[in-house]
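Asks: Provide a 3D model corresponding to the input given below.
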Amino acid sequence: MDHELLRQLHDAGYPLKPYPEWAAAKDGPLAPQFISPTLEELIEACGEKFYRLDRTPIGTFCAFAVHMDDDGAGDIATEAVARLWLALHGNGDASA
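Replies: Numbers count the residues shown, from 1 in each chain. Coordinates of the predicted model:
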């Protein structure tokens, strides 16, 4: 997951884990500030509003919410579900 999407999750209140200091020291200035959440963590964070994750014929992914117009798309599954979480929490309320 790219740094910008991680920043958006952080800014919207997603509970990201900090990147370990020992790894950041090894990685240098390109080290991320946070650890990317797993697909399972993102689906869990979407809660009961998560409906499904589809792979499109061109190889990208779309994540959908139950009975809502909200969805997320990405080149990988975690990006799609992260964008769905952002769509569900667009007001910055991480408890939604």
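
Asks: I'd assumed Lys49 was in contact with Ala65.
Replies: Yes: under the criterion of C-beta atoms under 8 Å, Ala65 makes contact with Lys49 at 4.7 Å. Heads up, the C-betas are built off the backbone N, CA and C, glycines and all.

Asks: For Pro15, the count of nearby residues, please.
Replies: Pro15: 11 surrounding residues under other C-beta atoms under 10 Å.

Asks: So for it, what's the pLDDT?
Replies: At Pro15, the model reports a pLDDT of 93.

Asks: Would you check how far apart the nearest residue to Phe34 once chain neighbours are set aside and Asp71 are?
Replies: Nearest residue to Phe34 in three dimensions, chain neighbours excluded: Leu16, at 3.9 Å (C-beta to C-beta, 6 or more residues apart in numbering). Noted for Leu16: a distance of 22 Å to Asp71, by C-beta to C-beta, to the nearest Å.

Asks: Check what pLDDT Leu42 gets.
Replies: Leu42 is given a pLDDT of 97.

Asks: who's in contact with the residue nearest to it when sequence neighbours are not counted?
Replies: Closest residue to Leu42 apart from its sequence neighbours, by C-beta to C-beta, 6+ apart: Val81 at 4.1 Å. Contacts for Val81 (C-beta atoms under 8 Å, 6 or more residues apart in numbering) come out as Leu39, Leu42, Ile43, Cys46, Phe50, Leu53, Ala63, Gly72, Gly74.

Asks: most surrounded residue in those?
Replies: Ala63 (28 neighbours).

Asks: can I assume that residue sits in a helix?
Replies: No: under the criterion used here (DSSP: H, G, I helix; E, B strand; the rest coil), Ala63 is strand, not part of a helix.

Asks: neighbours around Asp54, how many?
Replies: Asp54 has 14 nearby residues by other C-beta under 10 Å.

Asks: For it, give me phi and psi.
Replies: phi -120, psi 150 (degrees, to the nearest 10).

Asks: how close does it sit to Ala87?
Replies: In terms of C-beta to C-beta, Asp54 sits 16 Å off from Ala87.

Asks: now do Ala80
Replies: Distance from Ala80 to Ala87, by C-beta to C-beta: 11 Å.

Asks: Fine by me, thanks again.
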